[in-house]
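Engineer: Requesting a structural model of the entry that follows:
(one chain, ligands or ions: 1)
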Amino acid sequence: MTASHLREEVKNRVREASDIVQVIGEYVELKKAGSRLTGLCPFHAEKTPSFSVNPQGQFFHCFGCGESGDVFSFLMKYNRLTFPEALKEVARRYQIDLPEPKLSDEDRKRIRERDVLYRVNEEAAAIYQQYLAQSPVAEKARAYLSDRGVSADMMHSFRLGYAPDPSDAGWTFITSGLQRLRLPIADIERAGLAVRNDRGGWYDRFRDRVLFPILDMTGRVVAFGGRILGDGQPKYMNSPETPVFDKSRLLFGLYQHRDGIRACRRAIVVEGNFDLLLLAAHGFDNVVAPLGTALTSHHVRSLRGYCDEVVLLFDGDSAGLKAAMRSIPFFLAEQVDARVALLPPEHDPDSLVREQGADGIHRLVDGSAPLAEFAYDYLVKQHGMTLEGKNRIALELQEIVAAASDPMQRSLMTAHFSEMLGIPRAQFAEGMQRQGKGVRESSRPARLSIAQLPRKQRQLVDFLVYYPEFLDELLAGGLEEVVAADPVSEIITCLRQLAEEGIPSPDRLLSMLPEQSSERAYVAELLIAGGQVNEDGGVQEARLMLDELLQWLRAEKKQKEGAALMQCINEAQRTGDHDLLMKLLRQKQEMGKNT
Ligand SMILES: [Zn+2]
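Structural biologist: Residues are numbered from 1 along each chain as shown. Below you'll find the predicted structure:
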């Protein structure tokens, strides 16, 4: 068995053991619609579901943006994994042992580098956690947490830890601890836990801080966030970005709170991870926090898979206001409803929840303003309603409206804002067009090319997709001579390869076609629409269809040959090649007899 056969076999084994509905359902809210499931696409902005999962075929397809594939391509795309990583992840979930994969040296190096970062972070989390739970020196950290209502259960479920003060445990508490586990110092540094000093030695990045392990969406520790005990600076410190930690994509708390968010269809975004913890201590299980960055469109998109509405619970100071304003375009572009709840001055979520309890937060969240209104009020406060002020407000609002991806939403907002400002709608819209230039590019791929083929050729493709086992007969019938269009050749090539590797099946064909290709989109749409794949009892019908297609191929082939012959005859006449002309005419006669 060759390496590629083996790889294919392992892949199929894992795929067959897995359930794509279950895996995707972790990230996307899916509802049953006939034989398939639909939901909001996690790969493009939309309000009505065009993302489908087909349980029979075990693949997904989005009619909006054309993304499609099997369980592996979903995980690769969603979590930005390599194929071997996605395979490993699915195998891990379904407890399948994988043989050592055959990888290129580069892949192997990359995976090793990431694996060791996961390991370093995991071991560090365990050391910090144990230290917080047991060390006498960590007593002040435990007291700090329990004073704020963080129970031992929560410390456990968030895997909270403590990085001790150097005066208690030295400057290399974690660095040495990890080195004792034979983890190379270079990797400890790469994970961001050790920092090199100017004398060539090392010291710990996190000192005298409560630490929160930051988990990716598969539950692995990828980084840490630390809050200082007391009033030192900086208040918050996070691990630097690494190959396994991308701040612009990860939200703290999303892994732990995903079920809570899903249950109430609403997520609350706070600014700091400690705020999150304290709200969680008061029973809020739907809170997330960015990790020392502003919200990004990736953040918004990752929330969309879990909820209908996002509430920004930000400080009422100017930094909080600006942060809320900056995030507006992302919510509009991703078509996620958002509201803004500003904390009273002098309060952060921590102090408010301690003073007023959970009710105080609930009141604030329930009374929050929709994003558009918030933006309007903010700008009015900023610029005033003088003529000059109105102009500035209009300019900034136009920019916000232009970011909205839904035309209906744009026109509603245009109507709303122009009325509020007392400006004619057309004038507002015109300013927007100037601003909106290049704001959004279409996420739709090029139109389907198979769909543009003549009807009969399309029928042939459809047939091949459902009944790949008849490929040989169609090839013998002249398939390639008759249909030379690129998309068809692409499908034939894939089917041939599949036939060599075993039994070709529609879903395997799908995952073989190039990502984002129109062929793949076509096949996915076909399979989704058809629902059933290789239904039993369809064999006889398939035979009939095959005969019809073969007949058509024969006729087409003949016609093509006839046309080619006529061209040669004309050419021979033109050049006056009498002998050749006679020969060709005889051929033509022969052909006619056989019809
Ligand atoms: Zn999509």
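
Engineer: Please list the residues of the stretch 1-150 of the chain that sit near the ion.
Structural biologist: Residues of the stretch 1-150 of the chain lying close to the ion (Cβ under 5 Å from the ion) are Cys41, Phe43, His44, Cys62, Gly64, Cys65. Where you see a C-beta, it was placed from the backbone N, CA and C, and this is true even at glycine.

Engineer: and the nearest residue to the fifth one once chain neighbours are set aside, how many neighbours?
Structural biologist: Sequence neighbours aside, Ser50 is the residue nearest to Gly64 in space, at 4.0 Å (criterion: Cβ to Cβ, 6 or more residues apart in numbering). For Ser50, the tally of surrounding residues (other Cβ atoms under 10 Å) stands at 16.

Engineer: And Ser50, how far from Glu399?
Structural biologist: 28 Å (Cβ to Cβ, to the nearest Å).

Engineer: same question, Asp259
Structural biologist: Taken as Cβ to Cβ, the span from Asp259 to Glu399 is 37 Å.

Engineer: Identify all contacting residues around the strand or helix carrying Met420.
Structural biologist: Counting by DSSP states H and E, the element that carries Met420 is helix 407-421. Helix 407-421 has contacts (Cβ atoms under 8 Å, 6 or more residues apart in numbering) with 332, 335, 372, 376, 390, 393-394, 397, 400-402, 404, 424-425, 427-429, 432.

Engineer: change it to 7 Å
Structural biologist: 332, 372, 376, 390, 393-394, 397, 401, 404, 424-425, 428-429, 432 (Cβ atoms under 7 Å, 6 or more residues apart in numbering).

Engineer: among those residues, which are in helices?
Structural biologist: If you go by DSSP state H, the contacts of helix 407-421 have Leu332, Ala372, Tyr376, Lys390, Ile393, Ala394, Leu397, Val401, Arg425, Phe428, Ala429, Met432 in helices.

Engineer: Tabulate these (a markdown table), appending distance to the ion and neighbour count.
Structural biologist: Below are the ones in helices among the contacts of helix 407-421 laid out as a markdown table (distance: Cβ to the ion, whole Å; neighbours: other Cβ atoms under 10 Å):
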| residue | distance to the ion | neighbour count |
| --- | --- | --- |
| Leu332 | 18 | 26 |
| Ala372 | 25 | 22 |
| Tyr376 | 31 | 21 |
| Lys390 | 39 | 18 |
| Ile393 | 34 | 23 |
| Ala394 | 33 | 20 |
| Leu397 | 29 | 26 |
| Val401 | 23 | 29 |
| Arg425 | 32 | 14 |
| Phe428 | 31 | 21 |
| Ala429 | 28 | 18 |
| Met432 | 26 | 25 |
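
Engineer: hmm, which two among these are most spread apart?
Structural biologist: Maximum pairwise distance among these (Cβ to Cβ): 21.7 Å, between Leu332 and Lys390.

Engineer: for the helix or strand containing Val90, packing partners?
Structural biologist: Secondary structure assignment for Val90, by DSSP H and E: helix 83-93. Judged by 3 or more Cβ pairs under 7 Å, 6 or more residues apart in numbering; DSSP states H and E, the packing partners of helix 83-93 are helix 3-17, helix 71-79, helix 105-134.

Engineer: Output it in CSV with nothing but the alpha carbons.
Structural biologist: C-alpha atoms of helix 83-93 as CSV (Å, rounded to 0.1, in the frame of the first residue of the first chain):
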residue,chain,number,x,y,z
PHE,A,83,-5.0,19.2,7.4
PRO,A,84,-2.9,16.9,9.7
GLU,A,85,-4.1,19.0,12.6
ALA,A,86,-7.7,18.8,11.6
LEU,A,87,-7.4,15.1,11.2
LYS,A,88,-5.8,14.8,14.6
GLU,A,89,-8.5,16.9,16.2
VAL,A,90,-11.3,14.8,14.7
ALA,A,91,-9.5,11.6,15.6
ARG,A,92,-9.0,12.8,19.2
ARG,A,93,-12.7,13.7,19.5
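
Engineer: In space, what's closest to Phe274 - neighbours in sequence excluded?
Structural biologist: For Phe274, ignoring the flanking residues on the chain, the nearest one in space by Cβ to Cβ, 6+ apart is Arg227 at 4.6 Å.

Engineer: OK, contacts around His61?
Structural biologist: Ser52, Ser68, Ala524, Glu525, Ile528.

Engineer: what are the phi and psi values for the third one?
Structural biologist: Ala524 adopts backbone torsions of phi -60, psi -40, taken as degrees, to the nearest 10.

Engineer: Would you check that it makes contact with Gly69?
Structural biologist: No: when contacts are counted by Cβ atoms under 7 Å, Ala524 is not listed as touching Gly69 (8.1 Å).

Engineer: Overlap in contacts, those two.
Structural biologist: In contact with both Ala524 and Gly69: Phe59, Leu510, using Cβ under 7 Å, 6+ apart.

Engineer: Of those two, give the one with the bigger neighbour count.
Structural biologist: Using other Cβ under 10 Å as the criterion, Ala524 and Gly69 rank with Ala524 on top: 27 against 21.

Engineer: give me the element the residue of the stretch 251-400 of the chain found nearest the ion is part of.
Structural biologist: Nearest to the ion in the stretch 251-400 of the chain, going by Cβ to the ion, is Arg301, at a distance of 10.8 Å. Arg301 belongs to helix 297-304 when assigned by DSSP H and E.

Engineer: which residues make contact with that helix from outside it?
Structural biologist: Looking at helix 297-304 with Cβ under 7 Å, 6+ apart, the contacting residues turn out to be 40, 42, 248-249, 251, 254, 267, 290, 310, 330-331, 333-334, 336.

Engineer: Could you report the neighbour count for Asp315?
Structural biologist: 22.

Engineer: do Asp19 as well
Structural biologist: Around Asp19 there are 16 residues (other Cβ under 10 Å).

Engineer: what does Gly177 give?
Structural biologist: 20.

Engineer: got the residues of the chain near the ion?
Structural biologist: Cys41, Phe43, His44, Cys62, Gly64, Cys65.

Engineer: Looking at these, which are in strands?
Structural biologist: Cys62 (DSSP state E).

Engineer: Out of the residues of the chain next to the ion, the closest to Ala125 would be?
Structural biologist: Using Cβ to Cβ, the residues of the chain next to the ion come closest to Ala125 at Phe43, 31.0 Å.

Engineer: how close does the closest one get to Asp168?
Structural biologist: Phe43 is 48 Å from Asp168, by Cβ to Cβ.

Engineer: Neighbour count for those two, which is higher?
Structural biologist: Phe43 (19 against 14).

Engineer: Leaving out sequence neighbours, find the closest residue to the more buried one.
Structural biologist: With Cβ to Cβ, 6+ apart, the residue lying closest to Phe43 is Glu67, at 4.6 Å.

Engineer: what's around the closest residue in space to Gly562 that isn't next to it in sequence, how many residues?
Structural biologist: Residue nearest to Gly562 in three dimensions, not counting chain neighbours: Met591, with 6.4 Å by Cβ to Cβ, 6+ apart. Using other Cβ under 10 Å, Met591 has 13 neighbouring residues.

Engineer: For Met591, pull up the helix or strand it's in.
Structural biologist: helix 578-594.

Engineer: Do me a favour and average the pLDDT over that helix.
Structural biologist: For helix 578-594, mean pLDDT is 77.
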